[in-house]
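A.B. asks: need coordinates for the below:
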Amino acid sequence: MIYIVLPLILTLLGAFTFLPQFKGVIERNSIGINFFLTLIATSVGVLLAISVTNYENEQKERHDVIKLINSAITSVNICYDYSEELIEYFDNIPQGDELRNHFFENNPPPYPDYLGNFLMQNIVSKNLSGSTLNKLNEYLINLERSHAYDVQLYLYVLEQTKKLLELELAFQEDKITEEQLVNRIDILKKSLRLKTESISNNLTNQ
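C.D. replies: All right, here's what the predicted structure looks like:
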C-alpha cells in the first residue's frame, strides 16, 4: 500500500511546481527545482516498479496456494473413495463370517499423509486463512484418532475435511468473503460435534 500512496504524494508535490503562484520561485531556483523534479520522477518510477513486483509475487503465491489446495482435496478424495469401498465391502460380509473379525485392522483405510506435508509448507501457513488453518489442524487430530478406532467416523471427518478445503479454495479464488468462510466453517464445526455425540451415544447404548 505504501508503494502506491508514496508515489501519489510525490507526484502531488511535483505538481505544485507548475502552479502560477510559484512561477517566481521556480525561475529563481530552476536548478534546484529541476533536480527535485528529476528526483521525484526517479522515486515514483522505482516505487511503482516495487509495487508491481510485490503485486505479481502475491498473485503468484495465491496461484501456488490454490494448486496446493486442489492437490490436498484430491488426496482426501482418494482416501474417502477407497475407505467408502472398504466399508461397503465389510457391510456385505455375512454376519458370523470370520472375515469380519479384525477386518479393518487387516485392511486399514488409507490416510491422507499429504495433509501433514501441506500444512508444513511455509507458503500455506502464510497464505491460508486463520480460520481454515486452525480447523484443519483440528481435523488432522480427529483423522488420526478416528482412523485407529472408528472407520465410520473417520469417513465422516474425511468428508468434513474435504468441505473445509473446498471452502478455503472458494475464499482464495474470491468466490466468498472471509465472513462467509468463517460462518460456513462454524456450520462444519457444529455438524462434526453432533456426529461425534451421536456415535458416542450409540456406543454407550450398545
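A.B. asks: show me where pLDDT drops low in this protein?
C.D. replies: In the predicted model of the chain, residues 1-41, 43-57, 199-206 satisfy pLDDT under 70.
A.B. asks: go again with 50.
C.D. replies: Counting by pLDDT under 50, the ranges of the chain that qualify are 3, 5-7, 10, 19, 206.
A.B. asks: so what are the domain limits for it?
C.D. replies: Listed domain ranges for the chain are 2-53, 59-205 (source: automatic domain parsing).
A.B. asks: pick the most buried one from those domains.
C.D. replies: Greatest average neighbour count among the domains of the chain goes to domain 59-205 (a mean of 15), per mean count of other C-beta atoms under 10 Å. All C-beta spots, glycine's among them, are computed from the backbone N, C-alpha and C.
A.B. asks: for the protein, which segments count as helices?
C.D. replies: Per DSSP state H, the chain carries helices over the ranges 2-15, 23-28, 30-91, 103-106, 114-120, 122-127, 130-149, 151-172, 178-205.
A.B. asks: please name the residues that touch the residue lying closest to K162 once chain neighbours are set aside.
C.D. replies: Nearest non-adjacent residue to K162, counting by C-beta to C-beta, 6 or more residues apart in numbering: V76, 4.7 Å away. Contacts for V76 were tallied using C-beta atoms under 8 Å, 6 or more residues apart in numbering; they are P112, L115, L158, T161, K162, L165.
A.B. asks: I123 too?
C.D. replies: By C-beta under 8 Å, 6+ apart, the contact set of I123 is E61, D64, V65, L68.
A.B. asks: L128 reaches F171, doesn't it?
C.D. replies: No: under the criterion of C-beta atoms under 8 Å, L128 makes no contact with F171, lying 9.2 Å away.
A.B. asks: find the residues that touch each one of those two.
C.D. replies: Here L128 and F171 share no contacting residue, scored by C-beta under 8 Å, 6+ apart.
A.B. asks: can I get stretch 67-80 as PDB, trimmed to CA atoms?
C.D. replies: Output in PDB follows, covering the C-alpha atoms of stretch 67-80 (Å, rounded to 0.1, in the frame of the first residue of the first chain):
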ATOM      1  CA  LYS A  67      -2.800 -25.500  -6.700                       C
ATOM      2  CA  LEU A  68      -1.700 -27.000  -3.300                       C
ATOM      3  CA  ILE A  69      -5.300 -26.800  -2.000                       C
ATOM      4  CA  ASN A  70      -6.500 -28.700  -5.100                       C
ATOM      5  CA  SER A  71      -3.800 -31.300  -4.500                       C
ATOM      6  CA  ALA A  72      -5.000 -31.600  -0.900                       C
ATOM      7  CA  ILE A  73      -8.600 -32.100  -2.000                       C
ATOM      8  CA  THR A  74      -7.500 -34.800  -4.400                       C
ATOM      9  CA  SER A  75      -5.600 -36.600  -1.700                       C
ATOM     10  CA  VAL A  76      -8.700 -36.500   0.600                       C
ATOM     11  CA  ASN A  77     -11.000 -37.600  -2.200                       C
ATOM     12  CA  ILE A  78      -8.900 -40.700  -3.000                       C
ATOM     13  CA  CYS A  79      -8.800 -41.700   0.700                       C
ATOM     14  CA  TYR A  80     -12.500 -41.100   1.000                       C
END
